[in-house]
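Participant: quick one: sequence and predicted model below, then my questions.
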Amino acid sequence: MKIMYTDTYANMSRRAANIISAQIILHPKTVLGLPTGTTPIGAYRQLIEWYKKGDLDFSQVTTFNLDEYLGLDGSHPQSYRYFMDNQLFDHVNIRKGNTHVPDGTAADPEAECELYEQAIKEAGGIDLQVLGIGNNGHIGFNEPGTAYEKTTNVTELTESTIEANSRLFASKEEVPTKALTMGMKTIMHARRILLLVSGQHKLDILNAALHGPITPEVPASLLQLHPDLTVIVSTEDIPADF
Ligand code: GLP
């Protein structure tokens, strides 16, 4: 495990973008696993900037997002498909058909999860999985108590996650209570993992995840067992004017 501390959100973001860029430059057909949330936005902006300068080519890149809210379609501003299109995909030369986000409106969500898992396998597996961490230690939407052997699945969100994510919705009542998420097993199968953490309020849970007991109660603690984990931490909160 490599842990890098940075003093600002901008530095964390640039370092993360450097690692993602190197992966794309060295392996143009790379398969990336991507997160949503506010934490990776700075890294996405940096990637867009480098793409616009001509330093990056996404034309052969494939992506799989970690998760999606059950019931939201891609036109909903809080859906993760909408987020990814707006924060990254619409600004670089990635082929939309190569970008995957679980379909939150699938008629049979369980079957959608199986198809998603299958699609990851068919793409050759995830080369670099980028992650954020929830306040309760969740990764993707793998909430505390989740079994390690789960692949992509439909999951129930905890009260604390609904509360935390309600800041992005008009009201708490509008936050979906379920989601489709890559499972812990899916995430652990990625060849490399890059965990991004920003802000003082995440440091306690990060410490528990990296240095505490490996337990389903802190889902991110399983990452201690991954053979190629890099963690980039910014002690600074995301600036309000970012
Ligand atoms: C959501 C996402 C996670 C993300 C987490 C933290 O719950 N499902 O993938 O890591 O939020 O988000 P933020 O980066 O905004 O703190």
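Facilitator: Everything's here; your move.
Participant: okay, CA-based contacts and neighbour counts for the rest of this
Facilitator: Will do.
Participant: kindly provide the distance from Trp50 to the ligand.
Facilitator: As judged by C-alpha to the nearest ligand atom, to the nearest Å, Trp50 and the ligand stand 22 Å apart.
Participant: oops, could you answer that again for Ile94 instead?
Facilitator: Taking C-alpha to the nearest ligand atom, one finds Ile94 at 21 Å from the ligand.
Participant: secondary structure element for Met12?
Facilitator: In the assignment (DSSP states H and E), Met12 maps to helix 9-26.
Participant: now that helix: average pLDDT?
Facilitator: On average, the pLDDT along helix 9-26 is 98.
Participant: now stretch 52-63
Facilitator: Averaging pLDDT along stretch 52-63 gives 98.
Participant: and that stretch, end to end?
Facilitator: From its first residue to its last, stretch 52-63 covers 19 Å (C-alpha to C-alpha, to the nearest Å).
Participant: just stretch 181-191 next, same as before
Facilitator: Using C-alpha to C-alpha, the two ends of stretch 181-191 sit 18 Å apart.
Participant: quick one: contacts of that stretch?
Facilitator: 66-68, 102, 113, 117, 125-129, 140-142, 146-155, 219, 223, 226, 228 (C-alpha atoms under 8 Å, 6 or more residues apart in numbering).
Participant: got the CA coordinates for the lowest-mean-pLDDT helix or strand in the chain in PDB?
Facilitator: Ranking every helix and strand in the chain by mean pLDDT, DSSP states H and E puts helix 159-165 at the bottom, with a mean of 93. The C-alpha coordinates for helix 159-165 follow below in PDB (Å, rounded to 0.1, in the frame of the first residue of the first chain):
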ATOM      1  CA  GLU A 159     -29.600   6.300   6.600                       C
ATOM      2  CA  SER A 160     -26.300   8.000   6.900                       C
ATOM      3  CA  THR A 161     -25.500   7.700   3.200                       C
ATOM      4  CA  ILE A 162     -29.000   9.000   2.300                       C
ATOM      5  CA  GLU A 163     -28.400  11.900   4.700                       C
ATOM      6  CA  ALA A 164     -24.900  12.700   3.300                       C
ATOM      7  CA  ASN A 165     -26.000  12.500  -0.300                       C
END
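Participant: now that helix: buried residues?
Facilitator: Neighbour-count burial for helix 159-165 flags Thr161, Ile162, Asn165 (criterion: 16 or more other C-alpha atoms under 10 Å).
Participant: also stretch 190-206?
Facilitator: Buried residues in stretch 190-206 (16+ other C-alpha under 10 Å): 190, 192-199, 202-203, 205-206.
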